[in-house]
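1. A structural model of the following input is requested.
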Amino acid sequence: MALIQEQEQKDVFERESDSRAMVLLTLQLDLLQLFLPMDCWIIGLFDDLNMRVVACLGGVGGVSPGKLDHLLNYPWAVASEVNSFDCRPLAKSERAGIGSILGKNSLPGFVRIIDLCRPDGKKIGRVLGLNSTAPPLMNVESGVVRAGEIGLCLEVIKVTLGLQVELLAAERLVVEARQGAQLDALTGLLNRSGWNQRLVAAVNGKGEIAIGIADLDFLKRINDSKGHLAGDELLKLAAKTLLSALRSNDCVARVGGDEFAIMVQDITKDEAHAMQERLKLALSRANIKMSIGLAFLSECGSLEEAIAIADARMYEDKNNRQHPGVDARTA
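-> Now for the predicted structure:
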């Protein structure tokens with residue numbers, strides 16, 4: 001669940017960054033359109049192994065982003081290979097592939113395409129132009145002037161894409177560092193800091209919230225008798241077992257040496273008690289002894305009170321249960 005939260009944060013940063021880049025790149029496409037009119041323009045950012053659309057202009061409004069991504073990633077004879085941004089007719093082999101993406105009725109007749117690369121040759125983006133008919137011919141003098149203007153437009157687009165790549169990389173590092181500070185290094189669960197942040201976020205939510213406090217029995221004896229490596233393995237197994245019995249959007253954290261905390265939102269009391277039974281069953285099947293207390297926001301004045309009640313019920317559960325042996329794992 002912590003990994004899901006981390007990915008959600010990365011996705012938010014990416015969407016916000018793409019939105020800012022789209023504004024700038026659309027303006028740059030407006031300029032390119034003045035010098036080099038086409039029915040539509042698409043700019044793609046090279047991300048990992050594929051291109052994804054970051055800006056478009058013209059007759060592509062009715063085409064889904066997924067289809068535009070397919071269009072960018074189609075195996076064109078790109079201009080970086082032929083050293084040209086000239087408008088050319090679609091090859092026969094391209095017509096079938098592009099027709100399957102856009103539909104035969106939307107098939108363009110001509111294309112301009114160029115890959116934009118850094119000085120080290122690393123590909124950062126692609127500019128793709130599509131037109132239904134051949135563009136008008138220019139005289140030599142006009143062609144020379146336009147070539148300079150077009151080259152400048154492409155250079156500005158390349159710089160913008162390069163900045164976008166660097167910004168995304170920096171933002172991802174920030175998210176990873178922030179998430180790393182909120183994760184327990186041993187189990188991969190949220191730590192106390194991450195748990196507290198989730199509590200703050202949950203205050204603004206709606207619906208019932210169930211709080212569970214779970215304590216691993218006899219961890220100190222395991223550490224003393226079998227060593228800390230054995231204790232660490234038990235903690236990791238306990239974390240994995242708790243996760244297996246919860247929903248993907250539920251929150252579970254390791255908030256102390258042998259103490260875990262669980263928060264489940266938008267759940268009824270019956271569902272929460274059923275979840276508690278699933279937890280006990282999963283722990284039993286893994287041969288792990290753990291005491292669990294459960295409380296609800298609706299029976300308390302605040303989440304802090306719910307945590308205190310769940311903690312008290314966990315100790316009540318611990319005192320009421322008879323544990324044969326001295327191990328947190330049953331024989």
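
2. can you give me the strands in the protein?
-> Secondary structure of the chain by DSSP state E: the strands cover 40-47, 50-58, 88-89, 110-117, 123-131, 209-216, 251-254, 259-265, 290-296.

3. Strand partners (parallel or antiparallel) of the first one?
-> Paired with strand 40-47 in the same sheet, following DSSP bridges, are strand 50-58 (antiparallel), strand 123-131 (antiparallel).

4. Of all those strands, which one comes closest to residue 92?
-> For these, the distance to residue 92 is smallest for strand 123-131, at 16.7 Å, taking CB to CB. In short, each C-beta sits where N, CA and C put it, glycine included.

5. Need the residues that contact the closest one.
-> For strand 123-131, the surrounding residues in contact (CB atoms under 8 Å, 6 or more residues apart in numbering) are 32, 36, 38-46, 51, 54, 71-72, 76, 78, 80, 87, 108-118, 154, 157-158, 161-162, 165.

6. give me the number of residues near the residue lying closest to residue 161 once chain neighbours are set aside?
-> Nearest non-adjacent residue to residue 161, counting by CB to CB, 6 or more residues apart in numbering: residue 125, 4.0 Å away. Close neighbours of residue 125, defined as other CB atoms under 10 Å, add up to 25.

7. Ok, the one 3 residues further on next?
-> Counted with other CB under 10 Å, the neighbours of residue 128 add up to 26.

8. For residue 89, see how far away it is.
-> Per CB to CB, to the nearest Å, residue 128 is found 15 Å from residue 89.

9. same deal with residue 253?
-> Residue 253 is 60 Å from residue 89, where distance means CB to CB.

10. Likewise for residue 75?
-> Taken as CB to CB, the span from residue 75 to residue 89 is 17 Å.

11. Would you mind listing where the stretch 1-150 of the chain has pLDDT under the threshold?
-> Residues of the stretch 1-150 of the chain meeting the criterion pLDDT under 70: 1-13, 60-62, 78-84, 104, 136-145.

12. How is this protein divided into domains?
-> 2-179, 192-320 (automatic domain parsing).

13. now the first one: how far from the chain's centre is it?
-> Meaning domain 2-179. Here the centre of mass of C-alpha atoms in domain 2-179, compared against the chain's by CA atoms, centre = their mean, to the nearest Å, lies 22 Å away.

14. Burial check on residue 34, number of neighbours?
-> Residue 34 has 11 neighbours, counted by other CB under 10 Å.

15. can you check the one 5 residues further on too?
-> As a burial measure, the neighbour count of residue 39 was computed by other CB under 10 Å and equals 16.

16. any idea how far residue 117 is from it?
-> Per CB to CB, residue 39 is found 26 Å from residue 117.

17. cool, residue 162 as well?
-> Counting by CB to CB - residue 162 and residue 117 are separated by 10 Å.

18. what sits against the closest residue to residue 65 other than its chain neighbours?
-> Residue nearest to residue 65 in three dimensions, not counting chain neighbours: residue 53, with 5.8 Å by CB to CB, 6+ apart. Neighbour list for residue 53: 42, 43, 44, 65, 68, 69, 72 [criterion: CB under 8 Å, 6+ apart].

19. beta partners for residue 57?
-> Applying DSSP bridges, one finds that residue 57 bridges with residue 41.

20. so what pLDDT did residue 324 get?
-> Looking at residue 324, its pLDDT is 44.

21. nope, residue 255 is what I was after
-> Reported pLDDT for residue 255: 93.

22. hang on, it packs against residue 239?
-> No - judged on CB atoms under 8 Å, residue 255 makes no contact with residue 239 at a distance of 11.9 Å.

23. if we can go back for a sec, whichever of the contacts of residue 53 end up buried, select them in ChimeraX.
-> To isolate the buried ones among the contacts of residue 53 in ChimeraX, judged by 16 or more other CB atoms under 10 Å, type:
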select :42,43,44,68,69,72
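
24. which of the contacts of residue 53 lies closest to residue 205?
-> Ranked by distance to residue 205 (CB to CB), these are led by residue 65 at 30.1 Å.

25. Next one: the residue nearest to residue 161 from residue 168, what distance?
-> 12 Å.

26. For the residue nearest to residue 36 when sequence neighbours are not counted, grab the count of nearby residues.
-> Counting by CB to CB, 6+ apart, residue 36 lies nearest to residue 150, which is 5.5 Å off, once chain neighbours are set aside. Neighbours of residue 150 under the rule other CB under 10 Å: 17.

27. Please apply the same query to residue 227.
-> Quick note: residue 227 (other CB under 10 Å) scores 11 neighbours.

28. With residue 130 instead?
-> 25.

29. Spatially nearest residue to it (excluding sequence neighbours)?
-> Closest residue to residue 130 apart from its sequence neighbours, by CB to CB, 6+ apart: residue 108 at 3.9 Å.

30. Now the one you found: phi and psi?
-> Phi and psi for residue 108, reported as degrees, to the nearest 10, are phi -80, psi 160.

31. Who are the contact partners of it?
-> For residue 108, the contacting residues are 39, 90, 98, 102, 130, 131, 132, by CB under 8 Å, 6+ apart.

32. can we see that at 10 Å?
-> Residues near residue 108 by CB atoms under 10 Å, 6 or more residues apart in numbering: 38-40, 59, 71, 89-90, 94-95, 98-99, 102, 129-133.
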